[in-house]
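Engineer: For reference, the sequence and a predicted model appear below.
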Amino acid sequence: MRIAIFTNNYLPNPYGVAGSVESFRKVFEKLDHEVYVFAPRWKDYADKNPRVFRYPSIDIEIKIKFPLAIPHSLKIHKILKRLKLDIIHSQHPNLLGSAAAHWACRKNIPLVFTWHTLYDQYAHFVPFVPRRLAAWWAIRNARNYANRADAVITPTPSVIEIIKHWGVKNKNIFSVPTGVDEEQFANPDGESARKKYGVKNDEILLLMITRLTAEKNVEFLFEAISDILARNEKVKFLTSGEGHLRNKLEKMIKKKNLKDKIIFAEEITNENKKNYYAAGDIFVFASKSETQGMVLTEAMYCGLPIVAVRATGDKDIVEDGKTGFLVSENKKEFADAVQRLIDNADLRREFEQEAKRIAGEKYTSKVCGEKMLKIYEKTIANYK
């Protein structure tokens, strides 16, 4: 197959959609399919892949750095005009999503759309617009786009019910998670990461890898974790350090006198994050905005037991009582679940083994990529 992927979010951006696109692209190409990626230009970044084409963009920074694609380019128009494609997969309903829909129609080939985002949770990123209005418009736009697509993908089953509630009537909806790239996670060096940040061998390291932004519910998590750190001498907490809430969180931990027990890591990249997972003992996650939470499947693959808030996406990935604990958004309940794992090394090992097994069976990039290809084949056959 010759597959075109249109995405507003791509390398070197470290966030979920970019990782999802790369995960599927690599698998498709290993299985001898041609994949063309159309994405926004990222200033001072050069692609090594000759099948990546960049639309012009505007560099913006509203809480996070993000190039805003301009979905018009004479150069790319000429490239797409000559490309022979079998299917187009759009990762967004707007900007380059509009270009994807245009070219699918023009070439008379199917359009697949992945619904990556719970838009009501991300409305705070839109400046100068009331949050409820921004959420309403984003959901309406995505719903209409999904209903025009030939197939809709959600990363987890629980998202299907949400988008149906929002008005998606498309009969071709499938759930396909993004898989873990096994090559990328081979031979991790957790010892070096622990040594770098002064975490001793007899200390328990709680780990969180996510943006420090409002939709990730990090203020709640820091409050819950603070209680644990205050009562456990041999426990530390390492988190990624990027996000507009970092200053606020640093003030919080300084006030609680926990500065020496909470570590804001330097940049955690796709290349080195395996070392951080390997360094951790328990993965903690409080986000309620995930459609999957790729960090959860990565943590499972690396054998980390998980404590997470029971929410959309998270509850599809974490198997309560088998790979970790799912709890309500209650600080005491969250802290108690983490404490139970701290106190019980045998339970941690039991969850570790089960997490690795399930991730290997259900959440590798090969398993998920092959599932997506079958949907492509079915969609192309039905389209003809």
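Structural biologist: All right, it came through fine.

Engineer: got a list of what residue 31 touches?
Structural biologist: For residue 31, the contacting residues are 369, 370, 373, by C-beta atoms under 8 Å, 6 or more residues apart in numbering. No exception for glycine: its C-beta is placed from N, CA and C like everyone else's.

Engineer: State the phi and psi torsions of the first one.
Structural biologist: Taking degrees, to the nearest 10, you get phi -60, psi -40 for the backbone angles of residue 369.

Engineer: gap between it and residue 3?
Structural biologist: Per C-beta to C-beta, to the nearest Å, residue 369 is found 11 Å from residue 3.

Engineer: Likewise for the second one?
Structural biologist: In this structure, residue 370 and residue 3 are 14 Å apart, going by C-beta to C-beta.

Engineer: Compare neighbour counts for these two and give me the winner.
Structural biologist: Neighbour totals were compared for residue 370 and residue 3, and residue 3 leads with 22 against 15 (other C-beta atoms under 10 Å).

Engineer: a strand runs through that one, doesn't it?
Structural biologist: Yes: remark: residue 3 belongs to a strand, assigned using DSSP: H, G, I helix; E, B strand; the rest coil.

Engineer: show me where the stretch 51-200 of the chain has helices.
Structural biologist: Here the stretch 51-200 of the chain has its helices, by DSSP state H, counting those that start in this stretch, at 74-82, 96-107, 131-148, 157-165, 190-196.

Engineer: typo on my end, it should be the stretch 251-384 of the chain
Structural biologist: Taking DSSP H, counting those that start in this stretch as the test, the helices found in the stretch 251-384 of the chain are 273-279, 294-301, 314-317, 331-343, 345-362, 365-383.

Engineer: Nearest to residue 192, out of those helices?
Structural biologist: The closest of the helices of the stretch 251-384 of the chain to residue 192 is helix 273-279. By C-beta to C-beta, the value is 6.3 Å.

Engineer: Could you dump the helices of the stretch 51-200 of the chain into CSV and include mean neighbour count, mean pLDDT and distance to residue 245?
Structural biologist: CSV is the format used below for the helices of the stretch 51-200 of the chain (neighbours: other C-beta atoms under 10 Å; pLDDT from 0 to 100; distance: least, C-beta to C-beta, whole Å):
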stretch, mean neighbour count, mean pLDDT, distance to residue 245
helix 74-82, 12, 97, 36
helix 96-107, 20, 98, 29
helix 131-148, 17, 90, 17
helix 157-165, 16, 95, 25
helix 190-196, 17, 95, 23
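
Engineer: want to throw those into CSV with distance to residue 351?
Structural biologist: Conversion of the helices of the stretch 51-200 of the chain to CSV gives the following (distance: least, C-beta to C-beta, whole Å):
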stretch, distance to residue 351
helix 74-82, 47
helix 96-107, 39
helix 131-148, 35
helix 157-165, 22
helix 190-196, 17
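
Engineer: Any idea which of the ones you listed gets closest to residue 12?
Structural biologist: Closest of the helices of the stretch 51-200 of the chain to residue 12 is helix 96-107, at 17.1 Å (criterion: C-beta to C-beta).

Engineer: any idea how far that closest one is from the chain center?
Structural biologist: Remark: helix 96-107 is offset 25 Å from the chain centroid, using C-alpha atoms, centre = their mean, to the nearest Å.

Engineer: Could you list the low-pLDDT ranges of the stretch 101-250 of the chain?
Structural biologist: Residues of the stretch 101-250 of the chain meeting the criterion pLDDT under 70: 121-129, 131.

Engineer: show me where the stretch 1-150 of the chain has strands.
Structural biologist: In order along the chain, the stretch 1-150 of the chain carries the following strands (DSSP state E, counting those that start in this stretch): 2-6, 34-40, 52-55, 57-62, 64-69, 87-90, 111-114.
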